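1. The sequence and its predicted three-dimensional model are supplied below.
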Amino acid sequence: MIEVKNVSQSYNRHGQRKTLEDINFSVREHTITALVGANGAGKSTLLGVMANLLPALSGSVLLDGTDVRRVKTNAMAKKVAFLKQTQLLSIRVTVNDLVEFGRFPHCAGRLTQLDRDKVSQALEYMNLTELRERYLDELSGGQRQRAFIAMILAQDTPYIFLDEPLNNLDVKYSVEMMKIVQRLVSELNKTVVMVLHDINFAAAYAGYIVAMKDGRIIREGVPEEMITRETLRAVFDFDFRIEKYGGKNVCLYFDNE
Amino acid sequence: MATESRKPYKARRVTVFVCLALLAPASVALYIYSRTYAKAWRIGARMTPAAFESIMGRAVPALIGMSVAAVLIAIISLLFQTMTQSRILTPSMIGFDSIFVGTQTLLVFAFGAGSRLFTDPYINYLLSAGAMVAISVLMYGFILRRNKNNIIFLLMFGLVLSGILGNGARYLQVIMDTNDFYQVQAATNVTVNNMNTSIIFLALPIMLVVIIAAMSRHRTYDVMSLGPDQARGLGVAYEREVNFNLVIIAVGMSVATALIGSLTFLGLLAVNISRELLKTHKHLPLFIASALLAALTLILGQGAVELLQGAVPVTAIINLVGCSYMFYLILRENRL
């Protein structure tokens, strides 16, 4: 259970120019929640505050009723896995090494048989067993993405936060990524919160959409309520054309006269 | 791209460690030989047991001093690289050793060369280590944390720091009492040939503390090399860890500098060659290999220099090789 209560955050010290202002919401369990909004709306900042990577200026984030600032970093890492867009690492590691890092919160690097089993399961689930001895820089973008997901699977947390996971991925890998995330929720019962840039990915895959603007949550709801011309205008200051496609709403952003 | 499996690397690691372990006694033997028999042969004298013993009385502390300094420099260089996420920076490159010269000069200038603060090696060490800890923690607070590990800022900081401290120290040395000046010179002009072996009993336990602190946390360093965000996500208290390690680095750096002076490129060479040899990101083998390699380089180099009658100091050779290697690294990696 993660609840965000009256959270405000500012990048400059005295708290003028808030990047988050009075945020209140509860994360829906076993669902993909998408944080959407224009650049600078505060989506990534909110995710950082929720994962306790950034301290909130005021207000609190409650994890199962406890303020995350009072949860030990290690205990937090057993509850919440956080992944930024797959960056290139400064070190050269194999897929297996990377996934083993996911067990660090549980075993502090001393892997037991249980940890090794979890690593193997995560690799198996992500279809990476054959590639486990390969180095990350020898993999394709999609395989590398899957290796990082395998790492946070090995971390074995109920919550998974993904910060702009589709950045730097082309369409094929983006769709593959979203399908994997969907499986994490439907098969493994995870709760996922992710920052998404493309409103259509949110519309197609998310179970719940939280729309932010200027550091505030201005609308939230299931995709059917959220993907309307009126709501999207309020969020993005832009008139989308909404079309029905395969039972879902799709937003078109060209030729909207 | 090559698809190497891990097996050859394990064999490779064993080979590297066996070679290093064999070379270490060989370098010690060469060093002792070149100071005793080679020298005697050169001047046409016979090596008597008494003369041998008297030379060993000076050679053994020198060997211990070089090993301690080299091990410290290698370990803190690797730590520093993990903390700054850079493969090229080492503490001496950003002017940490100038802090030592600065504190020595300031101590003598303010309290005189006869003051216990200066003459007592333990108090003196505590003060210069304290200054280094304070400056490195400030450096982290003001530069690294705010600018997201900006290496350029760090280099600029080092440039300014060593400029201010170097010139400030020189200014104070010019206006101070002549006798005080000679005392400062004696304390700060330590080199491989002129080691301050009087602090060896301080340096040894400090080396042990640094080794234990580094070795016992090697798994945490492995995770930290993934970068701050990833490491925090995996449950490492990143800020606390960095602060702790900066203290360790300052403690080790200050004793190494007081012992043997500034060896700008030794750490860079030892750590990066170990990385190349072992092809691993794991800190435990890297710590051991780079410590061995640094001690080996220093002792072997010094032995060779003595054998060839020391026209060029070993530090000059290490700096020349290290400097070229640094250019190579920058060009190859195309970044700092």
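-> Noted; the coordinates are in hand.
2. Need the residue closest to the centroid of chain A.
-> Residue closest to the mean C-alpha point of chain A, counted by CA atoms, centre = their mean, is A:Leu162 at 2.0 Å.
3. Helix, strand or coil: sort out the residue lying closest to it once chain neighbours are set aside for me.
-> Distances taken as CB to CB, 6 or more residues apart in numbering or on different chains place A:Met194 nearest to A:Leu162, at 4.0 Å, with adjacent residues excluded. The C-beta positions use only the backbone N, C-alpha and C, and glycine is treated the same way. Following DSSP: H, G, I helix; E, B strand; the rest coil, A:Met194 is assigned to strand.
4. in what helix or strand does the residue nearest to the centre of chain A lie?
-> Per DSSP states H and E: A:Leu162 is located in strand A:159-163.
5. how about the helix or strand following that strand: buried residues?
-> Next in sequence after strand A:159-163, counting helices and strands by DSSP H and E, comes helix A:171-188. Using 16 or more other CB atoms under 10 Å in any protein chain shown as the test for burial, helix A:171-188 gives A:173-175, A:177-178, A:180-182, A:184-185.
6. Now render the residues you listed as JSON lines, adding distance to B:Leu72 and pLDDT.
-> What follows is the buried residues of helix A:171-188, written out as JSON lines (distance: CB to CB, whole Å; pLDDT from 0 to 100):
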{"residue": "A:Tyr173", "distance to B:Leu72": "46", "pLDDT": "86"}
{"residue": "A:Ser174", "distance to B:Leu72": "49", "pLDDT": "89"}
{"residue": "A:Val175", "distance to B:Leu72": "53", "pLDDT": "91"}
{"residue": "A:Met177", "distance to B:Leu72": "46", "pLDDT": "89"}
{"residue": "A:Met178", "distance to B:Leu72": "51", "pLDDT": "93"}
{"residue": "A:Ile180", "distance to B:Leu72": "47", "pLDDT": "92"}
{"residue": "A:Val181", "distance to B:Leu72": "48", "pLDDT": "93"}
{"residue": "A:Gln182", "distance to B:Leu72": "53", "pLDDT": "93"}
{"residue": "A:Leu184", "distance to B:Leu72": "47", "pLDDT": "93"}
{"residue": "A:Val185", "distance to B:Leu72": "51", "pLDDT": "94"}
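7. in chain B, which residue is closest to the centre?
-> Short answer for chain B (CA atoms, centre = their mean): B:Ile73, at 2.3 Å.
8. Do you know the pLDDT at it?
-> On pLDDT, B:Ile73 comes in at 94.
9. The closest residue to it other than its chain neighbours: helix or strand, and which one exactly?
-> Nearest residue to B:Ile73 in three dimensions, chain neighbours excluded: B:Gly267, at 4.6 Å (CB to CB, 6+ apart). Assigned by DSSP H and E, B:Gly267 belongs to helix B:266-278.
10. now do B:Ala311
-> Remark: B:Ala311 resides in no helix or strand, with elements defined by DSSP H and E.
11. and it, how many residues sit next to it?
-> Using other CB atoms under 10 Å in any protein chain shown, B:Ala311 has 7 neighbouring residues.
12. Around chain A, which positions in the stretch 101-250 of chain B sit nearby?
-> B:219-220, B:222-223, B:225-227, B:229-230, B:232-237 (CB under 8 Å from any CB of the partner chain).
13. follow-up on the earlier one: for the very next helix or strand once past the helix holding B:Gly267, which positions count as buried?
-> Downstream of helix B:266-278, the next assigned helix or strand under DSSP H and E is helix B:283-307. Residues of helix B:283-307 classed as buried under the neighbour-count rule (16+ other CB under 10 Å) are B:283, B:285-307.
14. touching chain A at all, helix B:283-307?
-> No - contact of helix B:283-307 with chain A (CB under 8 Å from any CB) is absent, the minimum separation being 10.1 Å.
15. Mean confidence (pLDDT) on that helix, please.
-> Here the average pLDDT along helix B:283-307 is 92.
16. same check, this time on stretch B:83-94
-> pLDDT averaged over stretch B:83-94 gives 83.
17. Need the contact partners of it.
-> The set of residues external to stretch B:83-94 that reach it, using CB atoms under 8 Å, 6 or more residues apart in numbering or on different chains, is A:90, B:73, B:76-77, B:80-81, B:97, B:144, B:149, B:151, B:154-155, B:157-158, B:161-162, B:224-225, B:227-228, B:242, B:245-246, B:249, B:253, B:257, B:262-265, B:267-268, B:271-272, B:275, B:326, B:329-330, B:333, B:336.
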